[in-house]
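>>> After the sequence you'll find the predicted model.
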Amino acid sequence: AAEASADALVLTEEDVARCRSASGSGAELAGAGTVAIKQGDVLLPEVLRGGTVQVRVADAADAHCLLGRNVLLLRPDADRFDPWFLAGFLADRGNVRASTTGTSVIRIDPRRLRVPLLEPGEQRRYGAAFRRLHTVRTTARHAAGLAEEATRALTTGLATGLLEPPEKEE
């Protein structure tokens, strides 16, 4: 593993948890070995926060970014595992709960995660369903973020007098 350059993009634990693009810089990994992410890698945060875990499959935008601290990377053999199938079962709340260690800082032990052994065709069916659910979840999260931004801006506009409330309530 090579050392990170300061201008390299790093996929942070927060990026994985929030289903967003890489936001970290190589400076965050100074002195540490680096791992370049490849499309199809399965990424999950090592530390459990809030009882849920966001697992995702690296896409073209994630490829060539560097793996941040406290992010686990699984690189499935494409001939044996569909990455979305793997990600979907790894994200299951019961599976995650059974794989955690610690009391104040709860870490996921990837060796304790369970994944059923299914034929590749069956994996692809499950993988497609898990991918659709991931798309729904990330789209809803993005929409909620936009709604929060809009209401914050409107509240500021009303509070500062830049906007006025409607004449009639509907």
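Everything's here; your move. Numbers count the residues shown, from 1 in each chain.
>>> where do the helices sit along the protein?
Taking DSSP state H as the test, the helices found in the chain are 13-17, 83-90, 93-98, 120-160.
>>> Please identify the most buried of those helices.
helix 83-90 (a mean of 24; mean count of other Cβ atoms under 10 Å). Where you see a C-beta, it was placed from the backbone N, CA and C, and this is true even at glycine.
>>> now for the least confident helix or strand in the chain by mean pLDDT, which elements pack on it?
Of all helical and strand segments in the chain, the minimum by mean pLDDT, DSSP states H and E falls on strand 100-101, at a mean of 70. Using 3 or more Cβ pairs under 8 Å, 6 or more residues apart in numbering; DSSP states H and E, the elements in contact with strand 100-101 are strand 107-108.
>>> could you say what helices and strands the strand it packs on packs with?
Counting by 3+ Cβ pairs under 8 Å, 6+ apart, strand 107-108 packs on strand 100-101.
>>> so how many other residues sit close to Ile37?
A count of nearby residues for Ile37, using other Cβ atoms under 10 Å, gives 24.
>>> Off-centre distance for the least confident helix or strand of the chain?
How far strand 100-101 lies from its chain's middle: 19 Å, per Cα atoms, centre = their mean, to the nearest Å.
>>> Listing partners with orientation, what would you give for that strand?
strand 107-108 (antiparallel) (DSSP bridges).
>>> what does the strand it pairs with contact?
Identification of contacts with strand 107-108 by Cβ atoms under 8 Å, 6 or more residues apart in numbering yields Leu44, Pro45, Glu46, Val47, Leu48, Val53, Leu72, Val96, Ser99, Thr100, Thr101.
>>> For the nearest residue to the first one once chain neighbours are set aside, list the residues it contacts.
Leaving aside its sequence neighbours, Leu44 sits nearest to Val55 (Cβ to Cβ, 6 or more residues apart in numbering; 4.4 Å). Shown in contact with Val55 (Cβ under 8 Å, 6+ apart): Val42, Leu43, Leu44, Ala87, Gly88, Leu90, Ala91.
>>> Kindly recompute the last result at 7 Å.
Val42, Leu44, Ala87, Leu90, Ala91 (Cβ atoms under 7 Å, 6 or more residues apart in numbering).
>>> So which of those is the closest to Leu29?
Leu29 has its nearest neighbour among those in Leu44, at 18.5 Å by Cβ to Cβ.
>>> so what's that closest one bridging to?
Going by DSSP bridges, Leu44 forms beta bridges with Leu72.
>>> Run through the chain and note the low-pLDDT ranges.
Applying pLDDT under 70 to the chain picks out residues 1-6, 30-33, 49-52, 102-104, 170.
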